[in-house]
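Peer 1: sequence below, structure please.
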Amino acid sequence: MKVEIWSDVMCPFCYIGKRKFEKALEQFPQKEKILVEWKSFQLNPAMKTEPGKSINDYLAEVKGWSPDYAAQMNDHVSSIAAEVGLEYNMDKAVVANSFDAHRFVQYAKTKGKGDNAEEQLFKAYFTDGKNTADHATLLDLGAEIGLDTEELKVVLESSKFSDEVRNDIYEAQQVGARGVPFFVLDRKYAVSGAQQPETFLGALEKSFSEWQQANPEPLVSLADGANCTVDGQCD
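Peer 2: Residues are numbered from 1 along each chain as shown. The predicted structure is shown next:
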């Protein structure tokens, strides 16, 4: 059963939501039958990459907050992240447009490494303070998860996977996502936000039960013997 997760690398609750969902998945008895697919979403498509700008100053500009209030909000989010074992260093975060980071994930998905790519991007942005719009950074992250860096370089220097990113963003509108993280289970149920693991677990149980009824597993034949068929042939 497929679970689709719309997220943006600059969204602090997306990384937190990833951890909480993973905790729920660990407790789910049929976890090996769950296919997770990461989907692209941009909170601010017009954002300019500005490595020298403080994330607090950026938030103050776009949200009308004071830098001090922005810092307080980031400290609060960092404390929530710490509760699920994540280290946020928001003072090091680089203001960066996420479009190329999403193209990086889309490419990684074709190699079966979409989840690895998301994890590396979140860590790079929130913990390590790396510029996730920088191609050299993305190449390093790709190498860390075993991607072919020469092939990835060709992708990044072109417009490849741009349509896939835009299609995901369009799909988000169709399924009702107005913010991220946004989890869609079997295209029937949605969970919005970084919910508690028990909420995710309940959603997995309900959606999987219905999916299993609609997709029964074929019986495995353990032995064949003499029998009669519907056309009257017996042997």
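
Peer 1: helix or strand with the lowest mean pLDDT in this structure?
Peer 2: Of the helices and strands making up the chain, the lowest-confidence element is helix 55-63, at a mean of 94, by mean pLDDT, DSSP states H and E.

Peer 1: can you pull the contacts of the residue positioned nearest the centre of the chain?
Peer 2: Computing the C-alpha centroid of the chain and ranking residues by Cα atoms, centre = their mean puts Trp38 first, at 4.0 Å. Contacts for Trp38 (Cβ atoms under 8 Å, 6 or more residues apart in numbering) come out as 4-5, 7, 105, 109, 114-115, 117-118. C-beta coordinates here come from the backbone N, C-alpha and C atoms, glycine included.

Peer 1: in three-state terms, label it for me.
Peer 2: Using DSSP: H, G, I helix; E, B strand; the rest coil, the three-state assignment for Trp38 comes out as strand.

Peer 1: thinking again about what came up before, buried residues in the least confident helix or strand of the chain?
Peer 2: Of the residues in helix 55-63, those with enough neighbours to count as buried (16 or more other Cβ atoms under 10 Å) are 55-56, 58-60.

Peer 1: circling back to that earlier point, and the furthest pair within the contacts of Trp38?
Peer 2: With distances taken as Cβ to Cβ, the most widely separated pair in the contacts of Trp38 is Glu4 and Ala117, at 15.5 Å.

Peer 1: of those two, which one has the most company?
Peer 2: Set side by side, Glu4 and Ala117 show more neighbours around Ala117, with 26 against 21, by other Cβ atoms under 10 Å.

Peer 1: ok, the more buried one - contacts?
Peer 2: For Ala117, the contacting residues are 38, 104-105, 108-109, 141-142, 145, by Cβ under 8 Å, 6+ apart.

Peer 1: want to throw these into JSON lines with secondary structure, distance to Ala96 and pLDDT?
Peer 2: JSON lines is the format used below for the contacts of Ala117 (DSSP: H, G, I helix; E, B strand; the rest coil; distance: Cβ to Cβ, whole Å; pLDDT from 0 to 100):
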{"residue": "Trp38", "secondary structure": "strand", "distance to Ala96": "18", "pLDDT": "98"}
{"residue": "Phe104", "secondary structure": "helix", "distance to Ala96": "12", "pLDDT": "98"}
{"residue": "Val105", "secondary structure": "helix", "distance to Ala96": "14", "pLDDT": "98"}
{"residue": "Ala108", "secondary structure": "helix", "distance to Ala96": "18", "pLDDT": "98"}
{"residue": "Lys109", "secondary structure": "helix", "distance to Ala96": "21", "pLDDT": "98"}
{"residue": "Leu141", "secondary structure": "helix", "distance to Ala96": "13", "pLDDT": "98"}
{"residue": "Gly142", "secondary structure": "helix", "distance to Ala96": "17", "pLDDT": "98"}
{"residue": "Ile145", "secondary structure": "coil", "distance to Ala96": "19", "pLDDT": "98"}
